[in-house]
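**Q** sequence plus predicted model, see below.
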Amino acid sequence: MIRAPRLCVFLTALLANSAAAQTAGPEAARATHLLQRATWGARPADVDAVLAMGRTAWLDRQLEPRKIDDPAAEARLKSFPSLQRGMAEMVAEFQRLQRERRLAAQVASDTVVHDRRDARPARDSAAVRAARRANAALAPQLLLLDLASARITRAVETERQLEDVMTDFWYNHFNVYFGKGIDRFLVADYEANAIRPHVFGRFRDMLGATAKHPAMLFYLDNATSVAEGAIAAGRQRGLNENYARELLELHTLGVDGGYTQQDIVNVARALTGWSFTRPGGRAGDGLAFTFRRAMHDAEEKVVLGHRLKAGRGMEDGEEVLDLLARHPATARHIARKLVERFVTDQPDPAFVDELADVFIRTDGDLRAVTRALFTSERFYADAAMRAKVKTPFELVVSALRVTGAETGRSRGLVQTLRMLGQLPYNAAEPAGYPSASDDWVNSGAMVNRMNFALALAAGRLDGVRIDARGIFGGSAASDPKTRIRLLLAQLMPGVETGTLEATILREISQPSSSADQPTRDRDARRQAAVRALGLALGSPAFQKK
């Protein structure tokens with residue numbers, strides 16, 4: 001670990017000199033900028049590919065992810081058990097194991113009462129041990145390790161980079177928290193089926209898919225929301241406004257969208273009865289959306305001045321979603337979030353209006369909106385170039401991509417992202433993780449980021465392997481300045497890094513070894529190379545995008 005006082009001196013020297021200064025011409029600068037925002041990190045070969053085919057052609061290819069072969073990522077993802085099991089299977093297995101554990105505990109307790117000398121064999125029987133092992137595989141910490149590792153692996157490996165970046169954006173927009181009850185078994189399916197297939201489809205389709213998915217229905221409690229006075233599952237319950245409030249405030253209109261508290265109440269009433277079946281339940285053997293008419297409020301409602309007639313059922317909720325998906329405030333809210341995430345923390349109102357117009361004109365066609373975002377001249381404005389700081393997930397994944405790291409089920413990476421504050425699926429609040437740079441930048445965070453970079457370079461992260469020396473491009477140059485320049489060109493293509501180069505050279509300088517100490521000299525060079533890599537990855541220059 002690097003000590004904070006010395007680190008602060010290093011970072012202070014760089015912060016004043018880490019402005020964007022592209023060295024390979026304006027088109028290369030634009031290509032790099034596009035890759036920094038539309039992928040999980042720009043590598044020299046990626047820049048060359050965009051320059052060869054043109055930015056528009058590259059973008060259009062990425063907007064059709066099903067046409068991009070992705071065998072390496074698909075093969076790697078098969079090694080993660082949590083992605084291979086359905087949510088209903090996992091919930092049913094968890095419930096069965098809970099019953100077995102309770103039964104085993106009761107058997108052990110009864111044995112203790114009967115004869116204390118026989119208690120240990122009962123408690124440690126083969127059946128009890130097997131149940132304990134199986135239950136451990138579904139423990140929250142192990143499931144999250146598997147899911148987060150798979151999320152990192154896909155981001156590093158996939159050729160469908162834009163689809164994966166947009167999946168992250170939309171999952172965060174429609175956030176579901178892993179840590180709430182059975183949602184730990186549901187979030188993988190939620191991302192795979194409610195989010196990813198719709199990122200370049202119609203917004204209304206994604207809105208409906210998230211509204212009906214058991215993960216969202218459970219997370220924001222709509223599954224248990226019933227009309228006042230109705231009876232659900234033998235118990236008297238009432239209206240729950242949680243989902244209705246977040247639907248209006250976060251998912252569609254935005255906090256300034258012009259709705260009232262009464263609108264929230266009436267949206268909640270319109271969505272009563274939207275629930276899901278559970279494994280082994282009377283309504284079905286799996287986990288799936290269901291409409292429970294007995295729970296629904298069939299009285300007349302008014303939402304945003306729009307009247308919903310009395311005597312209807314599920315169509316009340318569908319009509320509300322139609323209304324919200326096509327509302328101008330929704331278009332502006334979505335456009336503003338896109339600009340804030342992918343362009344600048346202070347969205348240009350003209351750019352927001354530009355994207356909102358595309359959203360309205362195309363009836364929420366997210367492929368068209370995404371294309372408009374990344375082809376607009378406003379996206380390439382000088383003020384947007386390297387104007388944002390990478391989030392923790394972006395930092396970690398971009399470092400893994402640019403170093404060619406081999407990753408798998410990695411406790412080291414999961415612990416790093418937890419420490420940095422952006423572990424996938426672990427945002428507890430419905431708003432998800434923030435995208436503004438100020439939310440991620442402070443002195444403590446910068447120290448933690450640097451320590452991650454140094455640990456990665458030194459090979460101290462569990463489940464991650466990199467060839468630090470190979471990152472210098474295979475050069476046999478012995479001149480330290482040349483080697484550092486090659487390193488920085490590999491890590492930050494197209495970025496002016498003269499000041500960073502000089503700073504790293506000072507940091508890694510070592511007294512010359514004597515002629516009779518060749519082994520010690522080689523060790524010193526290797527250590528210097530590793531430290532140079534860590535300092536470069538932890539520098540503000542690498543953390544800007």
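**A** Here it is on my side, so go on.

**Q** for H251, give its distance to T362.
**A** Separation of H251 from T362 (CB to CB, to the nearest Å): 19 Å. Every C-beta, even on glycine, is put in place using the N, C-alpha and C of the backbone.

**Q** more neighbours: these two, which one.
**A** Ranked by neighbour count (other CB atoms under 10 Å), H251 and T362 place H251 first, with 25 against 15.

**Q** what's the residue closest to the geometric middle of the protein?
**A** Geometric centre of the chain, nearest residue: D168, 4.4 Å, by CA atoms, centre = their mean.

**Q** past the lowest-mean-pLDDT helix or strand in the chain, which element shows up next along the chain?
**A** In the chain, no helix or strand scores lower on mean pLDDT, DSSP states H and E than helix 4-15, which sits at a mean of 40. Next along the chain after helix 4-15, taking DSSP states H and E as the criterion, comes helix 26-38.

**Q** centre of the chain to that following helix, how far?
**A** 22 Å (CA atoms, centre = their mean, to the nearest Å).

**Q** now that helix: buried residues?
**A** Across helix 26-38, burial judged by 16 or more other CB atoms under 10 Å covers 28-38.

**Q** quick one: the residues you listed as TSV, columns for distance to R367 and pLDDT too.
**A** Below are the buried residues of helix 26-38 laid out as TSV (distance: CB to CB, whole Å; pLDDT from 0 to 100):
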residue	distance to R367	pLDDT
A28	27	93
A29	26	93
R30	21	96
A31	21	96
T32	24	95
H33	21	96
L34	17	98
L35	19	97
Q36	21	96
R37	17	98
A38	13	98
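
**Q** which of the residues you listed sits closest to G534?
**A** Closest approach between those and G534, by CB to CB: Q36, at 21.0 Å.

**Q** ok, and the closest non-adjacent residue to that closest one?
**A** Leaving aside its chain neighbours, Q36 sits nearest to K545 (4.1 Å; criterion: CB to CB, 6 or more residues apart in numbering).

**Q** so what's the closest residue to D70 other than its chain neighbours up against?
**A** Computed as CB to CB, 6+ apart, the closest residue to D70 that is not its neighbour in sequence is E159, at 4.9 Å. Contact analysis of E159 by CB atoms under 8 Å, 6 or more residues apart in numbering lists 68-70, 72-73.

**Q** helix or strand for E159, just tell me which one.
**A** Judged by DSSP H and E, E159 forms part of no helix or strand.

**Q** strands of this structure, residue ranges please.
**A** Taking DSSP state E as the test, the strands found in the chain are 231-232, 235-236, 274-277, 288-291, 301-303, 306-308, 406-407, 464-465.

**Q** mind checking which of those is nearest A529?
**A** That would be strand 464-465 among these, by CB to CB, at 16.1 Å.

**Q** chain center to the closest one: distance?
**A** So, by CA atoms, centre = their mean, the centroid of strand 464-465 is 21 Å from its chain's centroid.

**Q** show the buried residues in the contacts of E159.
**A** Here, 16+ other CB under 10 Å leaves 70, 73 buried among these.

**Q** which of the contacts of E159 fall in helices?
**A** Counted as lying in helices by DSSP state H, out of the contacts of E159, are 72-73.

**Q** nearest to A45 among the contacts of E159?
**A** Nearest to A45 out of these is A72 (CB to CB; 14.7 Å).

**Q** list the contacts of the closest one.
**A** A72 is in contact with 157, 159, counting by CB under 8 Å, 6+ apart.

**Q** now with 10 Å?
**A** Residues near A72 by CB atoms under 10 Å, 6 or more residues apart in numbering: 157-159.

**Q** let's have these in TSV, adding pLDDT and distance to D479.
**A** Listed next are the contacts of A72 as TSV, based on pLDDT from 0 to 100; distance: CB to CB, whole Å:
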residue	pLDDT	distance to D479
E157	96	34
T158	97	37
E159	97	36
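
**Q** ok so, going back, ok, now which ones touch the residue nearest to the centre of the chain?
**A** Neighbouring residues of D168 by CB under 10 Å, 6+ apart: 40, 151, 155, 191, 195, 199, 341, 391, 393-394, 397, 424, 432-433.

**Q** A368 too?
**A** Applying CB under 10 Å, 6+ apart, the residues near A368 are 63, 200, 355, 358-359, 361-362.

**Q** ok, of those, which come out buried?
**A** 63, 200, 355, 358-359.

**Q** low-confidence ranges in the stretch 201-350 of the chain?
**A** Applying pLDDT under 70 to the stretch 201-350 of the chain flags residues 231-236, 280-285.

**Q** what's the spacing between E394 and G444?
**A** Distance of E394 to G444, computed by CB to CB: 18 Å.

**Q** comparing those two, which residue is more hemmed in?
**A** Taking neighbours as other CB under 10 Å, E394 and G444 compare with E394 leading, 23 against 8.

**Q** mind pulling up the pLDDT for the more buried one?
**A** E394 is assigned a predicted lDDT (pLDDT) of 98.

**Q** also the one 5 residues further on?
**A** With respect to pLDDT, A399 scores 97.

**Q** and it, what is it in contact with?
**A** Counting by CB under 10 Å, 6+ apart, A399 has contacts 41, 156, 390, 405, 449, 452-453, 456-457, 464, 466, 491, 533-534, 536-538, 542-543.

**Q** how near is it to E74?
**A** Distance, A399 to E74, by CB to CB: 23 Å.

**Q** now L239
**A** Distance, L239 to E74, by CB to CB: 44 Å.

**Q** which one's more surrounded, the two?
**A** Using other CB under 10 Å as the criterion, L239 and E74 rank with L239 on top: 16 against 12.

**Q** check contacts around that one.
**A** 225-228, 230, 265, 268-269, 271-272, 297.

**Q** one more pass at 8 Å, please.
**A** Contacts of L239 by CB under 8 Å, 6+ apart are 225-228, 265, 268-269, 272, 297.

**Q** just the buried members of the residues you listed?
**A** 225-227, 265, 268-269, 272, 297.

**Q** using TSV, please lay out the residues you listed together with distance to R278.
**A** Putting the buried ones among the contacts of L239 into TSV (distance: CB to CB, whole Å) gives the following:
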residue	distance to R278
S225	16
V226	16
A227	21
V265	27
A268	22
R269	24
T272	18
D297	23
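
**Q** may I ask which two of those are separated the most?
**A** Taking CB to CB, the two most distant members of those are V226 and V265; they sit 13.9 Å apart.

**Q** from S376, how far out is K180?
**A** Taking CB to CB, one finds K180 at 38 Å from S376.

**Q** next: A428.
**A** 34 Å.

**Q** contacts made by stretch 425-442 with the rest, please.
**A** Contact with stretch 425-442 is made by 144, 147-148, 151, 171-173, 175-179, 187, 219-220, 246, 250, 337, 340-341, 345, 388-392, 418, 421-422, as judged by CB under 8 Å, 6+ apart.

**Q** now swap in stretch 42-60 and tell me
**A** Contacts of stretch 42-60 from elsewhere in the structure, counted by CB under 8 Å, 6+ apart, are 27-28, 30-32, 34-36, 38-39, 61, 162, 371, 374-375, 398, 401-402, 489-490, 493-494.

**Q** if you set the cut-off to 6 Å instead, what comes out?
**A** With contact meaning CB atoms under 6 Å, 6 or more residues apart in numbering, stretch 42-60 is reached by 31-32, 34-36, 374, 402, 493.

**Q** quick one: these as TSV, columns for distance to P349 too.
**A** Below are the contacts of stretch 42-60 laid out as TSV (distance: CB to CB, whole Å):
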residue	distance to P349
A31	27
T32	27
L34	23
L35	27
Q36	24
F374	19
V402	35
P493	33
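
**Q** of all these, which two lie farthest apart?
**A** Most distant of the contacts of stretch 42-60, by CB to CB, are F374 and V402, 21.0 Å apart.
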